[in-house]
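Asker: With the sequence up front, the predicted model follows.
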Amino acid sequence: MKRYCLALDLKNDPQLIEEYRQYHQKVWPEIIKSIEEAGIQDLEIYLTGNRLFMIMETDNEFSLAKKSQMDDKNSKVQEWEALMWRYQQALPLSQANEKWRVMDLIFSLKN
């Protein structure tokens, strides 16, 4: 199993943040299906202020590049991503067209 931790910001607007929360209470079934089909076994998103943290646990065959290719071919995922981008903003250190930014592990109690 692999674990990925990613970060992204929301626009700092309480109404938009609440709308984003509401969408994530009822994620479209097609999005859930695309997540599972990519080999993601668990996915959690945490919020503090306007900063989001995502933790994904995946099977050993999972790759971010493969997931991106799958998403590019899935019109429903593209629709969801366009909708979510109304609420999201890239982190200041992000590259062009980079949304969720992979975080580096710097400490683990178990290792």
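Answerer: Ah, there it is. Numbering: from 1, shown residues only.
Asker: what's the distance between the residue nearest to residue 20 when sequence neighbours are not counted and residue 59?
Answerer: On the basis of CB to CB, 6 or more residues apart in numbering, the spatially nearest residue to residue 20 that is not a chain neighbour turns out to be residue 87, at 4.2 Å. All C-beta atoms are positioned from the backbone trio N, CA, C, and that covers glycine. In this view, residue 87 and residue 59 are 29 Å apart by CB to CB, to the nearest Å.
Asker: This structure: strands as residue ranges?
Answerer: With DSSP state E, the ranges of strands along the chain come out as 2-10, 40-48, 51-58, 88-89, 101-102.
Asker: and the second one, which strands flank it?
Answerer: Pairing partners of strand 40-48, with direction, according to DSSP bridges: strand 51-58 (antiparallel).
Asker: just to revisit the earlier point, using CSV, lay out the strands of the chain together with mean pLDDT, distance to residue 81 and mean neighbour count.
Answerer: Converted to CSV, the strands of the chain look like this (pLDDT from 0 to 100; distance: least, CB to CB, whole Å; neighbours: other CB atoms under 10 Å):
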stretch, mean pLDDT, distance to residue 81, mean neighbour count
strand 2-10, 98, 12, 16
strand 40-48, 98, 14, 13
strand 51-58, 98, 14, 17
strand 88-89, 96, 9, 16
strand 101-102, 96, 15, 14
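Asker: okay but the residue nearest to residue 20 is in contact with residue 11, surely?
Answerer: Yes. Using CB atoms under 8 Å, residue 87 is in contact with residue 11, at 6.1 Å.
Asker: Looking only at neighbour counts, state which of residue 87 and residue 59 leads.
Answerer: More crowded of residue 87 and residue 59, by other CB atoms under 10 Å: residue 87, with 20 against 11.
Asker: That one: what's it in contact with?
Answerer: Residues near residue 87 by CB atoms under 8 Å, 6 or more residues apart in numbering: 10-11, 16-17, 19-20, 23.
Asker: Start and end of stretch 58-76, how far apart?
Answerer: Start-to-end span of stretch 58-76 (CA to CA, to the nearest Å) is 22 Å.
Asker: can you pull out the helices in the chain?
Answerer: Shown for the chain, the helices assigned by DSSP state H span residues 14-23, 29-37, 64-72, 75-85.
Asker: Kind regards, and thank you for your time.
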